[in-house]
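**Student:** Show me the folded form of this:
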Amino acid sequence: MSKLLRNRLYRFFIHDATFYCYDNCLNYFPPQSVVLDVGIGNCTMIQDFHPLISDKKLQIHGIDINRHYLSQCGDMIHRFHLENQIHIYHEAVEQFRPPARCAYDFILFSMSFMLFQNQQAVLNRVLKWLKPGGRLVFFQTMFLNHSRFLDFLKPKLVYLTTVNFGTVVYEDQFKDFLRQNELRVIEDKMIKKEWYRGEYRMIVASPSRAMMPGTAKAVSVQPSAPEIQEEPRSGGRVP
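**Tutor:** Got it, this is the predicted structure:
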């Protein structure tokens, strides 16, 4: 599949979620925040929010395993002159190493957390990268009522769209995961109601002092999504 077609499918199927995510999250971050964006994608959000990123002097490190998306992301960064504020890495979160230990005020998972096969391992890893007082931000479509139909349908969408939407995220399971890991929810914002009684939600969680770094218990959100495919380290910005 061509790079152009991939990007068109990406924009068509997840542009709405992407807009609501960054509209809420970028406004939530205080000025001069240092943010790790896990699964930054193709950075279409820059076109809408480059003035906000620039004015707030945000520092954003974006990682993604899809080289096609990152190529477009690099073009967007250059187009809007954000080279000094947004830095992208062709890297899976399981292998990524931040420029400095405990470097981030916020770690953002924009529809990405439930795509990992082992959410617990990812959580254990990223907690080490937060500054004292740092927070995790999850933007996710969540469902209140369990549905066999949704459990069957959602993983199959990848065959139609080439976009992996993962499995259905249910509120009770996700909240249980946070509680078992001693993550305190400090904000839970319902942003927009979606199809089949789903909701766009922004959940901000703060780890207890005992959980930093890397002392999370071995629990998981069930069911887990298919494993992401890792790609070789690029060593920085994708050209």
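**Student:** Could you check how far V204 is from G39?
**Tutor:** V204 sits 17 Å away from G39, going by C-beta to C-beta, to the nearest Å. Placement of C-beta: from N, CA and C, glycine included.
**Student:** got it, and F19?
**Tutor:** Going from F19 to G39 by C-beta to C-beta gives 16 Å.
**Student:** quick one, which of those two is more surrounded?
**Tutor:** Using other C-beta atoms under 10 Å as the criterion, F19 and G39 rank with G39 on top: 21 against 14.
**Student:** For this structure, just list every one of the helices.
**Tutor:** Secondary structure of the chain (DSSP state H): helices located at 3-28, 45-55, 67-79, 119-127, 148-153, 157-161, 171-180.
**Student:** okay, the angle between the second one and helix 67-79?
**Tutor:** For helix 45-55 against helix 67-79, the angle by axes from the mean of the first three to the mean of the last three C-alpha atoms, to 10 degrees is 40 degrees.
**Student:** between the helices of the chain, which gets nearest to G134?
**Tutor:** helix 119-127 (8.9 Å; C-beta to C-beta).
**Student:** which of the residues in the closest one are buried?
**Tutor:** Neighbour-count burial for helix 119-127, counted by 16 or more other C-beta atoms under 10 Å, picks out 119-120, 122-127.
**Student:** just stretch 188-204 next, same as before
**Tutor:** By neighbour count on 16+ other C-beta under 10 Å, the buried set for stretch 188-204 is 191, 194, 198-204.
**Student:** Now the terminal residues of that stretch, how far apart.
**Tutor:** By C-alpha to C-alpha, to the nearest Å, the extent of stretch 188-204 from end to end equals 7 Å.
**Student:** Which residues does it contact?
**Tutor:** 17, 20-21, 24-25, 28, 135-145, 147, 150, 171, 174, 178, 185-187 (C-beta atoms under 8 Å, 6 or more residues apart in numbering).
**Student:** so which of the buried residues of stretch 188-204 comes closest to C102?
**Tutor:** Relative to C102, the closest of these is V204; by C-beta to C-beta it sits at 18.4 Å.
**Student:** With adjacent residues omitted, what lies nearest to that closest one?
**Tutor:** What sits nearest to V204 in space, not counting adjacent residues and going by C-beta to C-beta, 6 or more residues apart in numbering, is E187, at 4.0 Å.
**Student:** same thing with C43?
**Tutor:** In space, C43 is closest to C73, 3.6 Å off (C-beta to C-beta, 6+ apart).
**Student:** And the lowest mean pLDDT element among the helices and strands of the protein?
**Tutor:** The weakest-scoring helix or strand in the chain, judged by mean pLDDT, DSSP states H and E, is helix 157-161 (a mean of 40).
**Student:** Mind listing the residues bridging to D188?
**Tutor:** I203 (DSSP bridges).
**Student:** report the angle between the axes of the longest strand seen in the chain and helix 171-180?
**Tutor:** Identified as the longest strand of the chain according to DSSP state E is strand 130-143. Per the same axes, to 10 degrees, the angle that strand 130-143 makes with helix 171-180 is 160 degrees.
**Student:** Strand 130-143: which residues count as buried?
**Tutor:** In strand 130-143, counting by 16+ other C-beta under 10 Å, buried: 130-131, 134-143.
**Student:** so which of these would you say is closest to C43?
**Tutor:** F139 (15.5 Å).
**Student:** And the closest one, how close does it get to K128?
**Tutor:** According to C-beta to C-beta, F139 and K128 sit 22 Å apart.
**Student:** Also Q47?
**Tutor:** 33 Å.
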